[in-house]
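Asker: Here is the input, now give the coordinates:
(one chain, ligands or ions: 3)
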Amino acid sequence: MTQDPSMTDLTAILFMLSAGFSLFTFLYSRRRSRSLGDLRGPASSSFWLGNEADIRYQNEVGDCEFMWMREYGSAWRRTGCLGTDRLMLADPKALKHILHSAGYHYSRTIDKAQFLRMATGNGIVVAEGQAHRRQRKVMNPAFSTHQIQSFLPLFHGTASKLVQKWKGVIAADPSGQPLVNVVGWFSRASLDIIGEAGFDFQFGSLDNLQNPLVIRSEKQIIDSTLYPSWYDLIFKETWKYIPGPLLEYVCHIPTREYRGFRSWLDNVRVFSRGLIKQSTDKGDGNDIMSVLLRANGSSNPKNKMTDDEMVDQIATFLSAGQGTTAKSLTWYFYAIAKHPEAQARIREEIALVRARAAGEEFTIAELDSMTYTLATLKESMRLDPIVWNFTRMANRDDILPLAFPITTKSGQQITSIPIKKGTPIDISPAVYNRLPDVWGEDANEWNPERFLDPLRGFKEASSNIGVFGSLMSFSTGTRGCIGWQFAVLEMQIIILALVENFEFSLPPQSEKTKIYRRPSRFMLPVPEGQEETWMGLHIKSLN
Ligand code: HEM
Ligand SMILES: *[C@@H]1O[C@H](CO)[C@@H](O)[C@H](O)[C@H]1NC(C)=O
Ligand SMILES: *[C@@H]1O[C@H](CO)[C@@H](O)[C@H](O)[C@H]1NC(C)=O
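Answerer: Ligands and ions are numbered 1, 2, ... in the order given. Predicted coordinates for the structure are as follows:
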């Protein structure tokens with residue numbers, strides 16, 4: 001990835017500064033006792049980067065983690081940058097403990113929290129402890145089942161608009177079966193939906209009226225998180241030694257990456273303040289922001305959100321709610337293009353429900369009755385979780401209980417892991433979602449049926465963990481995805497509309513069309529040699 005020359009100089013200076021600092025911290029960290037000493041794990045593969053390089057530079061998400069899982073089970077030790085010990089974790093009981101029972105005794109690691117602050121502002125994703133509890137209290141009602149269901153007409157409307165657009169694309173193609181980059185279309189559909197449902201704003205991006213202020217270029221995310229330079233990894237590793245107030249200034253470093261984040265956030269903030277003023281003046285909106293503002297107005301004074309927090313929730317919805325949904329849909333259509341038998345069965349299920357449906361638009365009860373379709377969505381999110389990695393750090397010494405015992409270096413079987421305060425933990429939805437202990441021996445294979453017969457398909461009792469199909473794809477607990485019902489309903493409706501109207505198939509696989517599960521901030525579909533997300537599928541009209 002190219003950079004303009006002046007930036008290269010700056011990065012070099014930064015690098016030298018951070019290198020000196022790193023050396024110090026490295027020596028310092030070496031002197032501390034190794035807290036995970038007796039756990040097994042891969043040997044460090046690089047002096048400076050530890051196993052960080054194995055994960056960050058892998059071809060596809062899972063290349064190295066799945067190998068480690070086969071060797072060590074559902075918990076192991078690995079080396080991070082500058083020789084730090086890290087715990088990699090996919091054990092359901094331990095995850096439940098960290099994300100659920102232990103409440104706020106685990107927080108994000110300092111570097112990841114700062115990265116999120118730069119990328120999404122100071123909204124709920126970044127808040128910790130009491131501040132998070134307070135914000136979540138104000139926000140929960142805006143994400144209630146009742147509230148989400150009120151967006152049904154919007155989801156239907158956007159889905160049928162997408163159907164019309166694609167019919168146009170097909171009509172314009174002589175083969176009648178064009179190769180369509182579905183990820184771009186899903187991004188636009190989900191942007192229109194989050195705009196209107198989230199804050200009563202019409203982006204109109206399905207109609208091409210893109211709002212340059214708010215659309216964050218996908219390329220920016222890829223640039224800054226896919227295959228980062230080794231000095232960037234080390235620089236970020238040193239953030240945990242920088243005092244909090246000083247660290248905030250990191251976003252003012254004038255490299256292209258940081259400038260990009262800053263200008264996006266500045267623009268969204270101006271836009272958000274305007275929207276909030278409008279919404280407050282109007283007072284009766286049904287969008288999430290209006291509901292939030294009313295909740296803030298009526299809630300206990302202790303549970304209020306500050307104006308700045310409120311403003312940054314819009315950046316939060318845009319970062320947490322749009323690309324995530326679009327990319328999950330993308331992986332879903334990839335899966336059903338690969339599995340035409342599943343696609344046909346979904347179409348049959350839709351036809352059955354359609355035959356006795358009350359109206360043009362499916363109701364919640366009708367959606368719920370399509371159990372096979374729902375099972376395919378779970379199966380796709382199980383195999384391809386776009387949030388494939390996230391981190392936590394213990395805020396005090398603790399003991400992690402395990403559902404599945406592991407064997408230590410000294411040959412002991414242990415059912416819990418003692419954790420020292422400050423130990424960074426890599427949580428891996430990608431690995432948990434494929435644990436043979438949970439999902440059975442066919443954990444690596446596509447088999448939606450497992451969700452129709454939970455007793456056969458996965459061991460519910462030992463691992464009833466996530467909010468959706470016992471998956472970790474939306475995380476779980478105190479700070480699990482607040483928008484998961486929103487996302488599932490939106491995806492269900494888009495899936496139904498598209499599968500009812502079109503047939504999807506993979507193009508002949510070549511260097512140019514083969515998709516990789518790239519380890520970016522999200523798991524992104526990117527072909528070899530490309531720097532942008534792409535998912536080309538052949539689409540044929542069915543009527
Ligand atoms: C398929 C789509 C989605 C997926 C896979 C997804 C996944 C996740 C995951 C894994 C987390 C936890 C991340 C962590 O702890 O680091 C999360 C948090 C969050 N998500 Fe989603 N999400 C999706 C859609 C949405 C939507 C549509 C919205 C909003 C409209 C949303 C809003 C949020 C927020 C605000 C948080 C932070 C919650 C907190 O910290 O309390 N997400 N999401
Ligand atoms: C939320 O309520 C507090 C306290 O009443 C108020 O100061 C603040 O401006 C409100 N936030 C918004 C965005 O209206
Ligand atoms: C997951 O990995 C990506 C790519 O290496 C990285 O940018 C991101 O920060 C990681 N996420 C977390 C929360 O560790």
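Asker: my read: residue 81 touches residue 50, true?
Answerer: Yes: between residue 81 and residue 50 there is a contact under CB atoms under 8 Å: 5.9 Å. Any C-beta I mention is one placed from the backbone N, CA and C, and that applies to glycine too.
Asker: Please give the centre-to-centre distance between stretch 390-400 and its chain.
Answerer: Its chain's C-alpha centre and that of stretch 390-400 lie 21 Å apart, by CA atoms, centre = their mean, to the nearest Å.
Asker: Identify each buried residue in it, please.
Answerer: Residues of stretch 390-400 classed as buried by neighbour count (16 or more other CB atoms under 10 Å): 390-394, 398, 400.
Asker: With stretch 142-152 instead?
Answerer: Neighbour counts over stretch 142-152 (16+ other CB under 10 Å) mark 142-143, 147-148, 151-152 as buried.
Asker: Arrange these in CSV, one row each, with secondary structure as further columns.
Answerer: CSV is the format used below for the buried residues of stretch 142-152 (DSSP: H, G, I helix; E, B strand; the rest coil):
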residue, secondary structure
142, helix
143, helix
147, helix
148, helix
151, coil
152, helix
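Asker: who touches residue 418 in this structure?
Answerer: Each residue near residue 418 by CB atoms under 8 Å, 6 or more residues apart in numbering is listed here: 35, 397-400.
Asker: Starting from the one helix or strand it maps to, tell me which strands it pairs with and how they run.
Answerer: According to DSSP states H and E, residue 418 maps onto strand 413-419. The pairing partners recorded for strand 413-419 under DSSP bridges are strand 398-407 (antiparallel).
Asker: Lowest-scoring secondary structure element of the chain by mean pLDDT?
Answerer: helix 460-463 (a mean of 54; mean pLDDT, DSSP states H and E).
Asker: Now do whichever helix or strand comes after it: distance to the chain's middle.
Answerer: Under the assignment DSSP H and E, the closest C-terminal helix or strand after helix 460-463 is helix 484-501. The chain centre lies 18 Å from the centre of helix 484-501; the measure is CA atoms, centre = their mean.
Asker: Show me which parts of whichever helix or strand comes after helix 484-501 are buried, residue by residue.
Answerer: Where DSSP H and E defines the elements, the next helix or strand beyond helix 484-501 is strand 502-505. For strand 502-505, burial by neighbour count (16+ other CB under 10 Å) applies to 502-504.
Asker: could those residues be laid out in a markdown table, adding pLDDT?
Answerer: Converted to a markdown table, the buried residues of strand 502-505 look like this (pLDDT from 0 to 100):
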| residue | pLDDT |
| --- | --- |
| 502 | 98 |
| 503 | 98 |
| 504 | 98 |
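Asker: From these, pick the one nearest ligand 1.
Answerer: Ranked by distance to ligand 1 (CB to the nearest ligand atom), the buried residues of strand 502-505 are led by residue 504 at 18.9 Å.
Asker: quick one: pLDDT of the nearest residue to residue 205 once chain neighbours are set aside?
Answerer: Of all residues not flanking residue 205 in the chain, residue 188 sits nearest, at 4.1 Å (CB to CB, 6 or more residues apart in numbering). Predicted confidence (pLDDT) for residue 188: 92.
Asker: about what we covered before: let me know the closest of the contacts of residue 418 to ligand 1.
Answerer: Of the contacts of residue 418, the one sitting nearest to ligand 1 (CB to the nearest ligand atom) turns out to be residue 400, at 17.3 Å.
Asker: does the closest one have beta-bridge partners, and which?
Answerer: residue 417.
Asker: quick revisit: quick one: which of the buried residues of strand 502-505 is nearest to ligand 3?
Answerer: Of all the buried residues of strand 502-505, ligand 3 sits closest to residue 504, with 28.5 Å by CB to the nearest ligand atom.
Asker: Surely residue 77 forms part of a helix?
Answerer: No: Residue 77 sits outside any helix when classified using three-state DSSP, being strand.
Asker: close enough to count as contact, it and residue 39?
Answerer: Yes: the criterion here is CB under 8 Å, and residue 77 meets it with residue 39 at 4.0 Å.
Asker: what about the residue of the stretch 51-200 of the chain found nearest ligand 2, neighbour count?
Answerer: Residue nearest to ligand 2 within the stretch 51-200 of the chain (CB to the nearest ligand atom): residue 138, separated by 8.3 Å. The burial count assigned to residue 138 is 25, neighbours taken as other CB atoms under 10 Å.
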